[in-house]
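> pasting the sequence and the predicted model now:
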Amino acid sequence: MSDKNRKAVAPYMAVGLSTIVYGIAERKHIKRNLETIEENIHAAVSMVNINMPVKAIALAEGALTGFTDEAFDLPHTLAVKELFIDIPGEETEFLGRLAKLYETYIIAQCKARWPEVMDNRFFNTLFIISPTGEIVHKAAKNHIWCRERSCTPHDVYDRWVELFGDGIEAFYPVLKTDDIGNIGTICCSDGEYPEAVRALALNGAEVVYRPSEAMPMTGNSYPGGGGWMIQNRGHAQFNNVYMICPNVGPVFLHPKMKHPIDIAGGNSHIVDYHGNIMSYSASGYNTMVAAIIDIEALRQFRAMNLNSNWTKDLRTEIFRKMYEQPIHPKNLWMEQDPLHHEKVDEIYRENIRCLIKRGSFTPPAHTFEGAHYQSSASSPEEEKWENIKILWDGWEDDL
């Protein structure tokens with residue numbers, strides 16, 4: 001379609017939801033979290049759509065499943081079989097019904113199987129459901145924090161490239177639409193690397209979804225938002241994109257907890273393409289952020305500006321060699337199953353030693369014990385899944 005014939009994208013309201021979450025022990029437990037999400041979608045749309053049509057609803061990371069695999073250091077292959085979902089599947093059908101009801105896109109995250117890539121692996125997956133209820137976008141999280149058990153494309157790099165190629169679109173795909181603009185998706189730790197949103201922007205992204213971050217990243221500055229908000233404002237400013245950043249609400253790690261743990265401290269926000277905060281919530285307790293997304297204004301800013309649309313004069317050649325030497329090893333989980341937290345810690349320590357050897361890091365004058373995994377179990381027996389799973393006994397009776 002020529003520029004002359006292109007239909008303008010009408011301004012619309014985007015909503016980011018923060019919901020209370022129950023950690024799951026089986027896939028069927030996701031139903032409890034979906035019920036909470038549905039209640040919050042009904043409430044959010046009814047309140048927000050009096051301002052402007054709601055065309056995008058974004059959920060937080062962990063909204064469907066919680067973080068059982070991470071909190072209890074479960075074997076990866078066990079979580080694949082017992083906890084996580086297929087896309088499409090019954091959970092996306094549930095959300096698709098709501099997308100059709102409100103004629104909106106739903107942008108979400110869930111750990112999911114990708115059997116077309118590898119059996120016995122799950123990936124932290126970002127997906128978008130269209131107003132017709134169809135899955136129109138799927139991407140995998142590329143960077144994980146040291147306590148996450150997900151497989152990433154880089155962990156099975158050779159297989160991923162065989163299927164999808166080695167261009168940035170294979171790792172950072174963008175959904176291009178006629179009604180809400182071009183949408184890119186990353187998740188949590190992805191956004192701790194400036195390259196992630198730059199890759200999406202170079203692929204055409206105008207709105208970037210980055211759900212969830214935990215303490216201390218969300219609380220290490222005043223008045224709120226911490227390094228997470230600083231990063232998201234930087235991503236928006238450097239790349240001239242909107243950032244939609246809903247944070248997870250208080251989490252029940254298991255249903256026998258009397259009170260949830262507010263691991264993120266709220267701090268959901270939406271940022272405009274100048275880096276300004278458009279909407280912010282200090283609470284994550286079944287609440288929302290909402291702001292107007294004006295795609296045509298963003299496009300005019302990018303096209304008319306000779307200064308602060310920074311990508312237009314990026315000197316790409318001078319950075320080309322910066323990443324020729326690898327840092328984190330690829331194909332870690334091609335042959336062996338992902339390891340437990342304590343053993344994975346050694347991989348990160350070796351990466352640090354590599355950076356010191358290269359001269360990228362200068363070692364401190366004195367060496368002390370660094371961060372390391374500390375189990376909350378009092379014995380090896382307590383760490384076994386069959387004993388942990390007792391915490392969910394009887395819960396399914398209410399489902």
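Cool, the structure landed.
> how about low-confidence regions in the stretch 201-350 of the chain?
Of all residues in the stretch 201-350 of the chain, none has pLDDT under 70.
> and the helices in it?
For the stretch 201-350 of the chain, the helices defined by DSSP state H, counting those that start in this stretch cover 226-239, 295-304, 341-358.
> can these go into a markdown table with extra columns for distance to Leu175 and mean neighbour count?
Using the backbone N, CA and C atoms, a C-beta is placed for each residue, glycine as well. Formatted as a markdown table, those follow (distance: least, CB to CB, whole Å; neighbours: other CB atoms under 10 Å):
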| stretch | distance to Leu175 | mean neighbour count |
| --- | --- | --- |
| helix 226-239 | 17 | 20 |
| helix 295-304 | 13 | 15 |
| helix 341-358 | 32 | 13 |
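> reformat these as a markdown table; add distance to Val156.
Converted to a markdown table, the helices of the stretch 201-350 of the chain look like this (distance: least, CB to CB, whole Å):
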| stretch | distance to Val156 |
| --- | --- |
| helix 226-239 | 27 |
| helix 295-304 | 35 |
| helix 341-358 | 15 |
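> nearest to Ile168, out of those?
Among the helices of the stretch 201-350 of the chain, the nearest to Ile168 by CB to CB is helix 226-239 (13.4 Å).
> for the helices of the stretch 201-350 of the chain, which one sits closest to Val48?
helix 295-304 (18.0 Å).
> got the angle for the closest one vs helix 226-239?
Relative orientation of helix 295-304 versus helix 226-239 (axes from the mean of the first three to the mean of the last three CA atoms, to 10 degrees): 60 degrees.
> using CSV, write out every CA atom in helix 295-304.
C-alpha atoms of helix 295-304 as CSV (Å, rounded to 0.1, in the frame of the first residue of the first chain):
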residue,chain,number,x,y,z
ILE,A,295,0.9,6.3,16.3
GLU,A,296,0.6,9.0,13.7
ALA,A,297,2.2,11.6,16.0
LEU,A,298,5.1,9.2,16.6
ARG,A,299,5.5,8.6,12.8
GLN,A,300,5.5,12.4,12.2
PHE,A,301,8.1,12.9,14.9
ARG,A,302,10.4,10.2,13.4
ALA,A,303,9.9,11.5,9.8
MET,A,304,10.1,15.3,10.3
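> quick one: contacts of that helix?
8-9, 11, 180-181, 206-207, 240-242, 273, 309, 312 (CB atoms under 8 Å, 6 or more residues apart in numbering).
> just the buried residues of those residues.
9, 180-181, 206-207, 240-242, 273, 309 (16 or more other CB atoms under 10 Å).
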